[in-house]
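>>> Quick one: sequence and predicted model below, then my questions.
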Amino acid sequence: MSHNSLKILFFTTLMSGMFITISSNSWLSAWMGLEINLLSFIPLMSNNNNIFTTEAALKYFLIQALASSTLLFIIISKSLIESMFTMLNSSFTSIMISTPLLMKSGAAPLHWWFPSVMEGLSWNNCFILMTIQKIAPLMLISYTINFNVFLTFIVLSSIIIGAIGGYNQTSIRKILTYSSINHMGWMLVAMLMGENMWILYFLIYSLLTLTIIMIVMPFQISFVNQTYLINDENKIMKFLLFSSLLSLGGIPPFLGFLPKWMIIQFMMTNWSMVIISIMVVFSLITLYYYLRISYSAFIILSSEPCWNYKSNESLSIMITSFLLMSISMLGLIASTTFINIF
């Protein structure tokens, strides 16, 4: 009981730190919110039943502390140099502030810590790290973002590394990690369209990630070849996993295609075709390792062992996953219908 109470306490302070950063009107209070968020997540990562969590927590703390100290140094330096900390069309200042925030959010090429930290976490903490922990840094990045050579480099490196990095992985945690890095590139481009666009992209990405984690978590799946542990009698769960992965990859009938569709249309009318062509090609490459997760579960010749794990929560998990997947399948149709009618 006390363990659960501590988790509730730290999760509350984690969310409080995020809201402090989002609602702050000064960089110092934004940094303070990031620190509260960081120090609340470290105890949530600890788990006595998993020997890898200590290493993951230490790595995460060191990287986040480095990024936070760099951000604080930049803020104090700019405040001393300027009487008022104003970024008067200074792309160099934007680059300096964005770099530690990009490290915090795990964008390439500042992503080296992300896969190893994810590998040592439980599925609940993986979801927090891939979604909630990125909200505050991304919100601060959106304040300073400018379309320049630096942003183009970050976007293309995130897209390319996210696609190639997960190509030869067998761990589902690492596959979702490189998927998150790939989607970071798309979210950075969505920021140029406006605040509403990247928030929409982030919400859809979080929904699809939650659906996938809710499917693999009760079956205790960690690797691609373990997906056959999903019972052969439970074809619905396999279908939900398959559909959610397709939606995460951005296949047109699903909701995951909607934000990418809007970004592609926006970039085609504003910039050269080269950047968007590279983004689309490497996003298609990510579909390979999305589909590979479902391949061993759907293959006709797969066998089911007699020691298969039977989840006691299969009915509730199935209902929740089915509702989330229904939003994913029907969201694009509902959105386009609503726009055409009204």
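Cool, the structure landed. Numbers count the residues shown, from 1 in each chain.
>>> what's around residue 268, how many residues?
The number of residues packed near residue 268 is 12, by other CB atoms under 10 Å. C-beta coordinates here come from the backbone N, C-alpha and C atoms, glycine included.
>>> In this structure it contacts residue 276, no?
Yes: taking contacts as CB atoms under 8 Å, residue 268 lies within contact range of residue 276: 6.2 Å.
>>> any weak-confidence spans in the stretch 51-200 of the chain?
Along the stretch 51-200 of the chain, the model assigns pLDDT under 70 to residues 83-89.
>>> repeat that for 90
In the predicted model, the stretch 51-200 of the chain carries pLDDT under 90 at residues 51-55, 75-97, 108-109, 111, 119-120, 122, 143-149, 166-172, 192-196.
>>> got the residue ranges for the helices in it?
Along the stretch 51-200 of the chain, the segments classed as helices by DSSP state H, counting those that start in this stretch run 52-81, 91-105, 114-119, 123-127, 133-144, 149-165, 172-193, 195-216.
>>> of all those helices, which lies closest to residue 29?
With CB to CB as the measure, helix 52-81 is the member of the helices of the stretch 51-200 of the chain nearest residue 29 (10.6 Å).
>>> Which strands or helices does that closest one pack on?
Where contact means 3 or more CB pairs under 8 Å, 6 or more residues apart in numbering; DSSP states H and E, helix 52-81 is packed against helix 27-45, helix 91-105, helix 114-119.
>>> can you put those helices in a markdown table and add distance to residue 237 and mean neighbour count?
Below are the helices and strands packed on helix 52-81 laid out as a markdown table (distance: least, CB to CB, whole Å; neighbours: other CB atoms under 10 Å):
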| stretch | distance to residue 237 | mean neighbour count |
| --- | --- | --- |
| helix 27-45 | 27 | 19 |
| helix 91-105 | 31 | 21 |
| helix 114-119 | 23 | 21 |
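>>> Adding distance to residue 170 as columns, could you present the ones you listed in JSON lines?
As requested, the helices and strands packed on helix 52-81 are arranged in JSON lines below (distance: least, CB to CB, whole Å):
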{"stretch": "helix 27-45", "distance to residue 170": "23"}
{"stretch": "helix 91-105", "distance to residue 170": "25"}
{"stretch": "helix 114-119", "distance to residue 170": "11"}
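>>> So which of the ones you listed is nearest residue 191?
Of all those, it is helix 91-105 that lies closest to residue 191, at 10.6 Å by CB to CB.
>>> quick one: the closest one to helix 27-45, angle?
Put simply, helix 91-105 runs at 20 degrees to helix 27-45, going by axes from the mean of the first three to the mean of the last three CA atoms, to 10 degrees.
>>> who does helix 91-105 touch, helix- and strand-wise?
Using 3+ CB pairs under 8 Å, 6+ apart, helix 91-105 is in contact with helix 52-81, helix 133-144, helix 149-165.
>>> May I have the phi/psi pair for residue 223?
In terms of degrees, to the nearest 10, the main-chain angles of residue 223 are phi -130, psi 160.
>>> who does it bridge with?
Residue 223 forms beta bridges with residue 171, as assigned by DSSP bridges.
>>> Begin at 21, not 1, for the rest of this chat.
All set: I'll call the first residue 21, so the last point we hit is now residue 243.
>>> close enough to count as contact, it and residue 192?
Yes: when contacts are counted by CB under 8 Å, residue 243 is listed as touching residue 192 (6.5 Å).
>>> Please identify which of those two sits among more neighbours.
Between residue 243 and residue 192, counted using other CB under 10 Å, the more crowded position is residue 192 (21 against 15).
>>> Roughly how far does that one sit from residue 296?
Plainly put, residue 192 is 29 Å away from residue 296 if you go by CB to CB, to the nearest Å.
>>> Please apply the same query to residue 31.
From residue 31 to residue 296 the distance is 38 Å (CB to CB).
>>> Just say which of the helices and strands packed on helix 111-125 is most tucked in.
Between those, helix 153-164 has the highest mean count of neighbours, a mean of 22, where neighbours are mean count of other CB atoms under 10 Å.
>>> residues making contact with that one?
For helix 153-164, contacts defined as CB atoms under 8 Å, 6 or more residues apart in numbering pick out 37-38, 41-42, 50, 53-54, 57, 61, 107, 113-114, 117-118, 121-122, 124-126, 204, 207-208, 211, 215, 218, 222.
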